[in-house]
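S.K.: Build me a structure from this.
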Amino acid sequence: MLNSEMVTKAPMFANLLVGIIGVFIVMYTNVFFGRRVALYYEIQARIRLSQKRFNGVINQFFLAVIFLALIQVSAILFWAGCLLLLNLVPSFSDAILFAGSCYTTLGFINDILPFGWRFLALFIALSGLFSVAISTATMLNMMPLFRNAWLNKHSAHIKEILIRHNITIAGIEEIDTTIDIKTKKC
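M.R.: Numbers count the residues shown, from 1 in each chain. I've put the predicted structure just below:
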């Protein structure tokens, strides 16, 4: 641990070094674990679709989204740990609140860092912006299999409602064809 005099008089180089290394670790962790969550979902969803276990695909999707959120929580905990390790904040709760405020870019906590370390908040925010974007893109890439399962599960009910109300939607036959084609590929 650093003593308080070193922390308050930290040169900009140390501030940049901690920030750049922190951003790299957070981004690498997000990509590494996010891709594993997405790959596992892809495999499990295709298996369940081929078995016509549509609720399993839907549940697997929500489980994957929870894991993506936990990756973000772990990044906030990482930044909080860095703040504590460098003696930049007085307590664990302050560290989590400040890191979470910066990471989510909500800014609901005042800047509590010593003057020489205030630039670190920008690195925390930068890592949060890109990490949330990566998780969002990962989740959106998982949506087609989720949509396929949902349409398969509810297609008879959707058709029944459309017929009952005498509604024709251009492309409803395409949905049936898409369901059949995607189910056969899985």
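
S.K.: For Asp111, grab the count of nearby residues.
M.R.: Per other Cβ atoms under 10 Å, the neighbour tally for Asp111 reads 14. Glycine gets a C-beta too; all of them are placed from N, C-alpha and C.

S.K.: cool, and Ala133?
M.R.: The number of residues near Ala133, taken as other Cβ under 10 Å, comes to 11.

S.K.: ok, it to Asn59 distance?
M.R.: For Ala133, the distance to Asn59 (Cβ to Cβ, to the nearest Å) stands at 26 Å.

S.K.: Now do the strands in the protein.
M.R.: Along the chain, no segments are classed as strands by DSSP state E.

S.K.: Nearest to the spatial middle of it, which residue is it?
M.R.: Ser135 (3.2 Å; Cα atoms, centre = their mean).

S.K.: Tell me if I'm right that it and Gly34 touch.
M.R.: Yes: taking Cβ atoms under 8 Å as the definition, Ser135 is a contact partner of Gly34 at 6.0 Å.

S.K.: what touches both of these two?
M.R.: Shared contacts of Ser135 and Gly34, defined by Cβ atoms under 8 Å, 6 or more residues apart in numbering, comprise Leu68, Ile71.

S.K.: returning to that earlier point: find the nearest non-adjacent residue to the residue nearest to the centre of the chain, please.
M.R.: Distances taken as Cβ to Cβ, 6 or more residues apart in numbering place Leu68 nearest to Ser135, at 4.5 Å, with adjacent residues excluded.

S.K.: The one you found contacts Asn141, doesn't it?
M.R.: No: counting by Cβ under 8 Å, Leu68 does not reach Asn141; the two are 11.3 Å apart.

S.K.: Who has more neighbours out of the two?
M.R.: Using other Cβ under 10 Å as the criterion, Leu68 and Asn141 rank with Leu68 on top: 23 against 12.

S.K.: Quick one: the helices in the chain, in order.
M.R.: 4-8, 12-50, 54-85, 92-103, 120-164, 172-185 (DSSP state H).

S.K.: Please identify the deepest-packed of those.
M.R.: Of all the helices of the chain, helix 92-103 has the most neighbours on average by mean count of other Cβ atoms under 10 Å, namely a mean of 20.

S.K.: Would you mind pulling the contact partners of that one?
M.R.: With Cβ under 8 Å, 6+ apart, helix 92-103 has contacts from 72, 75-77, 79-81, 83-84, 88-89, 106-109, 111-113, 121, 124-125, 127-128, 131.
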